[in-house]
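Chemist: Let's see this in three dimensions:
(chains A and B)
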Amino acid sequence: MSQKRGRPAPKLNRACMLCGLVQSMSQFRNEGCPNCESVLHFADNDDLVRECTSPTFEGLVATHGDQGSWVARWLRIENFVPGLYAVRVLGKLPDDVRGDLQAQGIEYRPRDGSIQD
Amino acid sequence: MSEETTNPEEMRVGNADTQPHDEPSLSKQEEDTVKHNHEDDEEEGEFEDVNLDEEAEDDEDEDEDEDDDDEALRGRKKRRGNQFLDVEAEVDDDEEEDEDDEDAEILRNEFLADDQAHDETGVVSDRLHRKLDRSREKLDEQDAQALADQFKARYGRSASSRYMGSTTNVSQRLLLPSVDDPLIWGIRVRNGLEKELVKQIYARMLNKRYTDVFSAFQRDNFSGYVYIEARRLDAVNQIIQGLPGMYANNKVLVPIEEYPDLLRPGRSNEVQLQPGSYVRIKVGKYKGDLGIVDNLAENDLEVRVKLVPRLDYGKSQGSLDSGKGRRGPASSKFRPPQRLFSEIEASQNDPEHLSTARRERGYYIYRNEEFIDGFLYKDVKIQQVETRNVKPTLHELTLFNSGSSSEGIDLQSIASSLKDASDKAIVFQPDDRVEIVSGEQAKMKGKVVSAPEAKIARVQLEGNDDREVNNSIVEVPTSTLRKIFLPGDHVTVIYGVHSNESGLIVKVEENQVTLVSDQTKKDITVFPNYLMKSIDSSTNSTQTGAFELFQLVKLNSQSVGMVIRAEKEVFTVLCTDGRVVKVEPKAIQSPLELNKMTEKTTDRNGLEIAVGDVVKEVSGERREGNIVHIYLSHLFLKSKNVIENNGIIVVDATEVQTVSNKGSILSTFKAPDLNKMNPDRLMPPPAAPIVASKFGGRDITLNQNVSVRKGPYKGKKGIVKDANGEVARVEMHNPAKIIPINKSDLLFETRPGQFVPYEQYMENYRGRRPGAAFSSGGAPNGGPFRGNGPELGPGGGRTPAWGSGGKTPAWGSGGKTPAWGSGGKTPAWGNGGKTPSWGSGGKTPVWNSGGKTPAWNSGAKTPAWNSGGKTPAWNSGGKTPAWNDGSGSVWGGRSAWQPDTETPRENEWGVSPAVGDWTAPTPAKDDDDYHPE
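Modeler: Sure thing, here's the model as predicted:
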């Protein structure tokens, strides 16, 4: 990732394990994940951000949230905010977070490629 | 205060009967606060005045009443009007001190008036407060659903993410692309810029102008491409326009069926780590070290790795100072060797950092790192370990095995880390018996018919219970195949740690085959797919890494040995002292380079022995063998009778005696050539052909018919097509090709059917040009031919040339024998100093043994030679007929004296069929005899 441009763009160095959104650690910390904030509550919770976002991800996808996009549908990000997403996010949500999600009726599908369907 | 003043009145009305009047009054008050308030105010004003007038009368009464009222109302007063506490106190005062003057009364009036004004605003604000409270209450009571709706309305899609669950239930199979979906173009970009470009495209996508583009993405596996999803190509062109690093002309439309592959998350060449996998640490003190995954953190981002620690127990100051300092370049230079953690050392050298938190055996915490059973257990970020292609060496595995009691190497773990590589190495060959282990045809057996592609095999099913499927041919990926072997099969390991070993299968289990290695005679257990049937027992690989079989190697400064078995990772070395040691390649310092010529010594009888000679022990087992190597006085023999150590034995040179070396073929090649040590002998055998070739003009050998007289093409005929120096390129008649052959290996056809050697041919040629002829030292060689062969006629008249002194340089090589030219000046010859070989008869057996040089004998000149300068023949020069007519032959004979000079011409003389006389002296043949006995 070359960062040549003058304005220091925020480093895209972490991906949310639930939705795959890629943004910087500080963005996650300060603003949370725009998609998953309602369930994961990242904001100002450093540990949670660390646990639920991964620095290891691959495949950068830019989408502006158009329902017509097959790519977004395939990656199941069509309902999410426009942004940069990772195709593959290494790591899995911790068990307790997974339990929480399940209680809320949200199916967690790891994005690390371990599940094929 | 309003309460205070109103309520007494009301109280008075129904104080006795209705005490709980309070409550209705409260509620009433709440209902019409404002209006009530106004009325109260008016009443109160009057009432107050009256009250003051009738003070004397009612005082007692009122006091009591007031008291009662007060008692009853106090709580409420306080509750209601805390803010007016001060004023209340005033009122109380004034009630007690009735006798105050008018001023005081007036003042008090004013006060009360003030009070009432305050009261009014207080009531209003209070009511407002209450109103607010009530509205808040109302809000609180609002339906949660409505709230959710509100939020939803307010935050729109972001809140909807939590309801994504419904769509994620859809199987991805249903999401497969259809023709209605947008198209995906792959655009070639500069390598390494992919992510940056996706970001730039994203920035543009947010712009309204580019809404036609649905998405853009990049995959690490498809480097050099950025993919853009859009319905129309011009939308793509528009958005990438002007982006640097984008090769807009290089676009491909991705076929729709390949879409899913583009975005498959699992298709990565990363190895899925499991406990037991091998990894290598990429950074820090343990960089490059092998680790075994102990377990993985829950989120897969950290691994706990078992390592062999590198500790110096605080011996180096640098590591004492700080943990971080270890990473510095200085400390990494002196990184301690891998060694298991030693509690004793730690407690002796660095006790303050050691703690045994748990009382378990073998568990220590040292410098905040955990050590269990001597191994370091360390949590490492997954980015900091190399997971791919980690191939542990035997050395590393031994390190890991040394600590644990469990023996053997966990095949499973090796397999998991080597999975990728193994896929490549495993080959299925036709006729391999296989079983299909997964997929629809699982459990079927058959044999491989062919393997058309690397990963696909065609298998003919046979031997299955289900008769129907037998003989049908299926194509299956090789990864689902397992080879079937039976105990007793002879196999070769084709992959893995044991590769190249062969052996007999003794046990076959589910997915493991145990065989007894032919090489080590030990059991080895491998996967069946790592095996291949083999007929013969494979020999050791002759070369492994830098060392090869039967090579002398240096183990350390003192010990030297010979590799008698080269296996993967292990060499068996026979040392000079007779020990046999197994060493790793690492333990071998260097190969020992020996010069064949210096590799010689003497046996117990003082006779020289060299490599290749056969020697025999004089005592003991009286073993006999060929010398393979000589190191100092140690001889490594290869014996036919000895089986152990690959037939190699090591003996001392003083313990053996030569069985044969003299005249043996080997010694011909291997023995030192003393002639070469004689500086004078190295004198120019005047490189005649070279000189000859320097003659200007066209090479005379060109286009000549030739016959090969030496080498693989001996006897074949051809035509010289090209010549360069000593080498002629000869077009053979059969086989029809052009082969470079040394000119001296050729016979030239001077007349049909008549072939002469190259030298002779050259001489003939030169003969035609007298001027040139004798200026070269080689020229005289032509002499005898002139005399003997009729075909040499043209050269006949050249004898006088001898006198001309032109040849001197040839002999003279160094100008020492100008005497030749002057004929009578033999002293040059006489003083043996210059040609010691002449004098020392022993070294020139040829000359001594007259029989070998009949030419000389026939001329009766031999004694002359031996006697140095006394031979009249020499002195008289021209008197000896032999000399006269065969001066050339003398010279030619000279060639015999220098059998080792590089000009092959001299060697060839003997075989030249054209020259009758010459066959007799055959100096070339005498070559052998030159060697000392």
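Chemist: Look at B:E644 and say how many residues are nearby.
Modeler: 10 (other Cβ atoms under 10 Å in any protein chain shown). For the C-beta atoms, the positions are set from N, CA and C on the backbone; glycine is no exception.
Chemist: Would you map the helices across chain A?
Modeler: Assigned by DSSP state H, the helices in chain A fall at A:25-31, A:37-40, A:46-52, A:70-74, A:95-103.
Chemist: What of the stretch 651-800 of chain B?
Modeler: Ranges of helices in the stretch 651-800 of chain B, per DSSP state H, counting those that start in this stretch, are B:665-670, B:674-677, B:688-693, B:758-767, B:770-773, B:782-788.
Chemist: so where's chain A shaky on pLDDT?
Modeler: Chain A contains residues with pLDDT under 70 at A:1-10, A:115-117.
Chemist: State the helix or strand in which B:W185 lies.
Modeler: Element membership for B:W185 (DSSP states H and E) is strand B:183-189.
Chemist: re the thing from before, to chain B, which of the helices of chain A lies closest?
Modeler: helix A:70-74 (3.8 Å; Cβ to the nearest Cβ).
Chemist: which other residues reach the closest one?
Modeler: Outside helix A:70-74, the residues that touch it by Cβ atoms under 8 Å, 6 or more residues apart in numbering or on different chains are A:61, A:63, A:65-67, A:78, A:80, B:172, B:175, B:177, B:181-182, B:184, B:214-215, B:217, B:229, B:259-260, B:263.
Chemist: Put the buried members of those residues into a PyMOL selection.
Modeler: Command for PyMOL, covering only those of those found buried under the criterion 16 or more other Cβ atoms under 10 Å in any protein chain shown:
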select buried, (chain A and resi 61+63+65+66+78+80) or (chain B and resi 172+175+177+181+182+184+214+215+217+229+259+260+263)
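Chemist: Please confirm that B:H129 is located within a helix.
Modeler: Yes. Assessed by DSSP: H, G, I helix; E, B strand; the rest coil, B:H129 belongs to a helix.
Chemist: just the strands in the stretch 201-350 of chain B please.
Modeler: Listed in chain order, the strands of the stretch 201-350 of chain B (DSSP state E, counting those that start in this stretch) span B:213-218, B:225-230, B:246-253, B:278-281, B:290-296, B:302-307.
Chemist: Please identify the most buried of those strands.
Modeler: strand B:213-218 (a mean of 28; mean count of other Cβ atoms under 10 Å in any protein chain shown).
Chemist: and that one, average pLDDT?
Modeler: Throughout strand B:213-218, pLDDT has a mean value of 90.
Chemist: Report whether it contacts chain A.
Modeler: Yes. Applying Cβ under 8 Å from any Cβ of the partner chain, one finds strand B:213-218 in contact with chain A at B:214-218.
Chemist: what are the pairing partners of that strand, and which direction each?
Modeler: strand A:57-63 (antiparallel), strand B:225-230 (antiparallel) (DSSP bridges).
Chemist: Name the residues that touch stretch B:722-740?
Modeler: B:689-690, B:693, B:699, B:701-702, B:706, B:708, B:713, B:716-721, B:741-744, B:746.
Chemist: Now, the residues you listed that are in strands?
Modeler: Among the contacts of stretch B:722-740, DSSP state E puts B:706, B:708, B:717-721, B:741-742, B:746 in strands.
Chemist: And those residues, which is closest to B:P244?
Modeler: B:K721 (59.5 Å; Cβ to Cβ).
Chemist: Quick check: bridge partners of the nearest residue to the closest one once chain neighbours are set aside?
Modeler: Among residues not flanking B:K721 along the chain, B:E731 sits closest, at 4.7 Å (Cβ to Cβ, 6 or more residues apart in numbering or on different chains). Beta-bridge pairing for B:E731 (DSSP bridges): B:I719, B:I738.
Chemist: distance of B:E731 from chain A?
Modeler: 62 Å (Cβ to the nearest Cβ, to the nearest Å).
Chemist: Report pLDDT for that residue.
Modeler: 88.
Chemist: Could you do B:R190 as well?
Modeler: Taking B:R190 on its own, its pLDDT is 90.
Chemist: Next up, the contacts around it.
Modeler: Residues in contact with B:R190 (Cβ under 8 Å, 6+ apart) are B:224, B:245-247.
Chemist: Go through these and name the one nearest B:D234.
Modeler: Using Cβ to Cβ, B:M246 comes nearest to B:D234 of these, at 15.3 Å.
Chemist: Nearest residue to that closest one in space, please, no chain neighbours.
Modeler: Leaving aside its sequence neighbours, B:M246 sits nearest to B:I240 (Cβ to Cβ, 6+ apart; 4.9 Å).
Chemist: want to try a markdown table for the contacts of B:R190, with pLDDT and distance to B:I505 as columns?
Modeler: Listed next are the contacts of B:R190 as a markdown table, based on pLDDT from 0 to 100; distance: Cβ to Cβ, whole Å:
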| residue | pLDDT | distance to B:I505 |
| --- | --- | --- |
| B:G224 | 89 | 48 |
| B:G245 | 87 | 58 |
| B:M246 | 88 | 59 |
| B:Y247 | 88 | 57 |
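Chemist: who in the stretch 351-500 of chain B is up against chain A?
Modeler: Applying Cβ under 8 Å from any Cβ, we find that the stretch 351-500 of chain B lies next to chain A at B:382-383.
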